[in-house]
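1. After the sequence you'll find the predicted model.
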Amino acid sequence: MTQDANEPTGSPFTAYERRKASSDSVMNNPLGGHFGILGLSAEAWLAAIVENSDDAIVSKTVNGIITSWNRSAERLFGFSAAEAVGRHISIIIPDDRLHEEDTIINHIRNGRRIEHFETIRQHKDGTLLDISLTISPVRDKNGEIVGASKIARDISERKRMVERQRLMLREMHHRIKNLFAIVSALISVSERSAEAPGSSFANDLRARVAALAAAQNFVLKESEGGSDGHASTSLFGLIDAILSAHQDKNGARIVVSGEDVSVNNAVLTSLALLLHEFATNAIKYGSLSVNGGRVEIEVSRNNGLALTWTEVDGPPARVPEGSAGFGSELERMTIASLRGSIHRDWRPDGVRILVEIPDQLARR
């Protein structure tokens with residue numbers, strides 16, 4: 001390897017190593033005035049970091065007047081820097097949260113930092129945003145507090161995930177309670193059947209519980225098989241799988257008629273939840289809770305899918321009193337996910353339910 005003409009005789013370093021060391025020395029010297037070959041002052045370097053941060057970074061005076069507003073703040077809140085700077089920070093605070101600003105300013109005036117304060121702020125278009133704030137006092141060269149810096153991070157997705165987890169836990173709790181009700185009803189039905197000659201209580205009950213398991217397997221397999229959202233399956237097949245545990249030996253307790261249609265597997269679980277909810281309520285309060293009661297299901301298509309669930313020869317249907325329970329909330333969310341509608345007619349011998357779903361979710 002040849003020696004650089006400027007390298008001292010006997011030097012243990014190559015020319016490249018000496019140049020690299022010289023460059024690193026400048027880069028690591030905060031008092032050097034410039035950051036190496038980049039030609040940026042310390043202030044410019046810091047400004048570039050703030051401007052290109054993924055978090056919204058805002059500064060304001062102790063009176064709440066915005067003095068700086070980075071690009072992420074523009075993206076998060078919708079105001080450009082030109083629109084925001086010079087205005088009061090309350091432009092992004094909902095009316096019911098304005099009291100928070102007084103508390104924040106009081107902390108800042110007393111030199112106290114606020115970390116990871118989760119709150120709600122407002123986009124320019126009025127949309128509410130879940131955010132986490134970290135707020136620090138800003139001091140001048142004399143140590144006097146002249147303002148505050150705010151770092152805002154959008155936590156909306158995290159909040160949505162927490163809400164989904166909460167809903168899943170409530171659904172699991174709801175399903176477990178319903179499972180006990182269903183098993184209890186199956187025992188009652190099987191016990192009545194066991195009074196007939198040659199019948200077996202244990203075998204009858206075992207068959208009904210097995211039917212429930214089969215329904216769950218059907219929904220799971222069909223949902224997994226249609227994970228691309230384009231596969232479809234028979235609606236009559238789904239109805240049979242979900243309700244077979246409540247059918248009698250003659251197939252007369254639950255009667256399905258009309259036009260069988262194929263539904264996208266992407267919405268299969270939602271339909272299964274609705275049918276399960278209808279059946280559970282029928283077992284608890286409706287026609288399937290009494291001897292001789294039955295359910296008639298009619299499926300038709302016009303500009304969409306229409307499923308009519310009619311309970312016959314059951315107790316009088318009454319509008320539930322009090323606030324809606326979780327079952328009603330789950331039903332509302334399910335029908336919303338299908339972009340459909342649901343209507344009930346509370347009749348003397350049982351409820352009639354009409355479910356309508358847009359045509360694009362059903363296919364022949």
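-> Nice, thanks for sending it over. Residues are numbered from 1 along each chain as shown.

2. Roughly how far does the residue lying closest to residue 123 once chain neighbours are set aside sit from residue 159?
-> Leaving out its chain neighbours, the residue that sits closest to residue 123 by Cβ to Cβ, 6 or more residues apart in numbering is residue 78, at 4.8 Å. Using the backbone N, CA and C atoms, a C-beta is placed for each residue, glycine as well. Using Cβ to Cβ, to the nearest Å, one gets 19 Å for the distance from residue 78 to residue 159.

3. re the thing from before, next up, the contacts around the residue nearest to residue 123.
-> 123-125 (Cβ atoms under 8 Å, 6 or more residues apart in numbering).

4. show me where the stretch 201-350 of the chain has strands.
-> Ranges of strands in the stretch 201-350 of the chain, per DSSP state E, counting those that start in this stretch, are 232-234, 254-258, 262-264, 294-301, 304-312, 341-347, 350-358.

5. err, the stretch 51-200 of the chain, not the other one
-> Under DSSP E, counting those that start in this stretch, the stretch 51-200 of the chain gives strands at 56-61, 66-69, 114-122, 128-139, 145-154.

6. Go ahead and confirm residue 286 touches residue 312.
-> No - counting by Cβ atoms under 8 Å, residue 286 does not reach residue 312; the two are 9.9 Å apart.

7. Looking at these two, which has the bigger crowd around it?
-> Neighbours per residue, other Cβ atoms under 10 Å: of residue 286 and residue 312, the larger number sits with residue 286, 22 against 16.

8. ok, now how distant is the more buried one from residue 353?
-> For residue 286, the distance to residue 353 (Cβ to Cβ) stands at 10 Å.

9. Pull the contacting residues for residue 133.
-> Residue 133 is in contact with 114, 116-119, 150-152, counting by Cβ under 8 Å, 6+ apart.

10. filter those to the buried ones?
-> Neighbour counting by 16 or more other Cβ atoms under 10 Å classes 114, 117, 119, 150-152 among those as buried.

11. hmm, which two among these are most spread apart?
-> Based on Cβ to Cβ, the longest span within the buried ones among the contacts of residue 133 runs between 119 and 151 and measures 13.2 Å.

12. What ranges in the stretch 101-250 of the chain fall below the confidence cut-off?
-> Applying pLDDT under 70 to the stretch 101-250 of the chain picks out residues 173, 175-232.

13. Run through the helices of it in chain order.
-> 156-194, 201-225, 235-243 (DSSP state H, counting those that start in this stretch).

14. Now the shortest one: buried residues?
-> Going by neighbour count (16+ other Cβ under 10 Å), the buried part of helix 235-243 is 235-236, 238-243.
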